[in-house]
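> Sequence and computational prediction follow.
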Amino acid sequence: MPLGNTPSTTVLIVDDVPDNVAMLHDALDEAGYTVLVALDGESALRRARQALPDVVLLDAVMPGMDGFEVARQLKADPATAAIPIVFMTGLTDTEHLEAALAAGGVDYVTKPVKPREVMARMGVHIRTAQKARQGALERHQARNALDAFGYATITVRMRDGRLLWETPLARELLLRHCGTHAPVTPEPVLHWLARLSAQHAQGGWQGAEPPRLTLSQGPRRLSFRLHQQVGDTDTDVARAGAVAGLDGDWLIVMQESNDTSVIEALAQTFGLTAREAEVLYWVVQGKINRDIADIVGASPATVKKHLERILPKLGVETRTAAAAMAINRVKLLQPGG
């Protein structure tokens, strides 16, 4: 049995010369492959989209739509883009071979084709494609598992900052907190990645987890953690603490937390209004009046007035004492609370 062949391996042969097709068809069929045939470009596209073969053996020169155009259209369609294409050509000059590879071919054989050579080359590319599909499936399952546990995931291409994909939960969270979705990466995330890249270039956070990004929207917080380079499942930055660089595509894990219950507990414990409890919550988080004003949508003067009413209710004179009392009295503010 040839390399890469499995009981479900399907080969699509595309050639406008029936005699060429018959010879190769018989050899592949005898070797145990499932063989499909197309005698022109349009038929090849229909067959490929319907059957999704494991490999396409594609004649380069055909009347009407030639093999180069067939390959370009297959690669442009997400459903068929991953199918390896091996060109069969009688053209051996460098220009035509470069055109075959530029159109999306992974390899080529020269005519007259030798079935054993074709099967040997096919086997290599089929195994590579199957491994890539298995890896993609495993990553998809891992992403779904993260979503199920409340960890949303996105992938960002560092070269241009493009958000390549997002899980459903990630899309929901990005829309809620940033008003964006793929392919747009939120500006705060781009700035965070740029800082991480600069820090890494200077030897920063080696041996430790990279700094996280946290975006706040009232009591809701959305955190971002650099996780791993896509395709490198053994490199978890949070565990390994070092990466070769911040190039390539990076998986980022997001998680939302909501402290509404903490704010409600502050209001009940100290007899505060909802807005006073929210201001006290941000005081506990170490925010200054100007930052609190931005978060709650008020002016710094209004925040100051809220604090002037909060301090007597807690029986303290400073914001530091108010924060300490809140942490002491409200269990949810305590570590592990």
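Perfect, thanks for sending it. Numbers count the residues shown, from 1 in each chain.
> mind giving me the domain ranges of the protein?
10-138, 150-258, 261-333 (automatic domain parsing).
> In a markdown table: those domains, plus mean neighbour count and mean pLDDT.
For glycine as for every other residue, the C-beta is placed from the backbone atoms N, C-alpha and C. Formatted as a markdown table, the domains of the chain follow (neighbours: other CB atoms under 10 Å; pLDDT from 0 to 100):
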| stretch | mean neighbour count | mean pLDDT |
| --- | --- | --- |
| domain 10-138 | 17 | 87 |
| domain 150-258 | 16 | 78 |
| domain 261-333 | 17 | 90 |
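> Quick one: residues contacting residue 77.
The contact partners of residue 77, by CB atoms under 8 Å, 6 or more residues apart in numbering, come to residue 49.
> separation between it and residue 86?
Going from residue 77 to residue 86 by CB to CB, to the nearest Å gives 18 Å.
> And residue 14, by the same measure?
Counting by CB to CB, the gap from residue 14 to residue 86 is 10 Å.
> Need the overlap of contacts for the two.
Common neighbours of residue 14 and residue 86 (CB under 8 Å, 6+ apart) are 56-58.
> What is the nearest of those residues to residue 153?
residue 56 (32.4 Å; CB to CB).
> Could you verify that the closest one is part of a helix?
No. Counting by DSSP: H, G, I helix; E, B strand; the rest coil, residue 56 is not found in a helix; it is strand.
> Residue 290: what's its closest spatial neighbour, skipping adjacent residues?
Nearest-residue entry for residue 290: residue 300, 5.2 Å, with adjacent residues in sequence omitted and distances by CB to CB, 6 or more residues apart in numbering.
> Correction: the previous question concerned residue 16.
residue 62 (4.4 Å).
> So that neighbour sits against residue 42, correct?
No. Residue 62 lies out of contact with residue 42 (CB atoms under 8 Å); the separation is 10.4 Å.
> quick one, strands of this structure?
10-14, 34-38, 55-59, 85-89, 107-110, 151-157, 162-166, 213-217, 220-229, 249-258 (DSSP state E).
> Of those, which is nearest residue 267?
So among those, strand 249-258 is nearest, using CB to CB, at 15.7 Å.
> Wait, residue 68 touches residue 100, no?
Yes. Residue 68 is in contact with residue 100 according to CB under 8 Å; the separation is 6.9 Å.
> between these two, what contacts are shared?
In contact with both residue 68 and residue 100: residue 60, using CB under 8 Å, 6+ apart.
> thinking again about what came up before, quick one: the residue nearest to residue 290 and residue 289 touch, right?
Yes. Residue 300 lies in contact with residue 289 (CB under 8 Å); the separation is 4.6 Å.
> circling back to that earlier point, from residue 212, how far off is the residue nearest to residue 16?
55 Å.
> same deal with residue 170?
16 Å.
> Ramachandran coordinates for the closest residue to residue 111 other than its chain neighbours?
Leaving aside its sequence neighbours, residue 111 sits nearest to residue 90 (CB to CB, 6+ apart; 4.2 Å). Backbone torsions for residue 90, taken as degrees, to the nearest 10, come to phi -90, psi 0.
> measure residue 90 to residue 105 for me?
Residue 90 is 15 Å from residue 105, by CB to CB.
> got it, and residue 196?
Residue 196 is 38 Å from residue 105, by CB to CB.
> now swap in residue 287 and tell me
Taking CB to CB, one finds residue 287 at 58 Å from residue 105.
> Equivalent analysis for residue 289, please.
Counting by CB to CB, the gap from residue 289 to residue 105 is 64 Å.
> Could you do residue 190 as well?
Taken as CB to CB, the span from residue 190 to residue 105 is 36 Å.
> what's the answer for residue 228, then?
For residue 228, the distance to residue 105 - CB to CB - is 31 Å.
> swap in residue 20?
Taken as CB to CB, the span from residue 20 to residue 105 is 18 Å.
> With residue 217 instead?
Applying CB to CB to residue 217 and residue 105 gives a distance of 49 Å.
> Kindly report the same for residue 12.
Counting by CB to CB, the gap from residue 12 to residue 105 is 14 Å.
> and if you look at residue 16?
Counting by CB to CB - residue 16 and residue 105 are separated by 18 Å.
> which residues pair with residue 216 across the strands?
residue 221 (DSSP bridges).
> Surely it touches residue 295?
Yes. Counting by CB under 8 Å, residue 216 does reach residue 295; the two are 6.1 Å apart.
> Need the residues touching each of these two.
In contact with both residue 216 and residue 295: no residue, using CB under 8 Å, 6+ apart.
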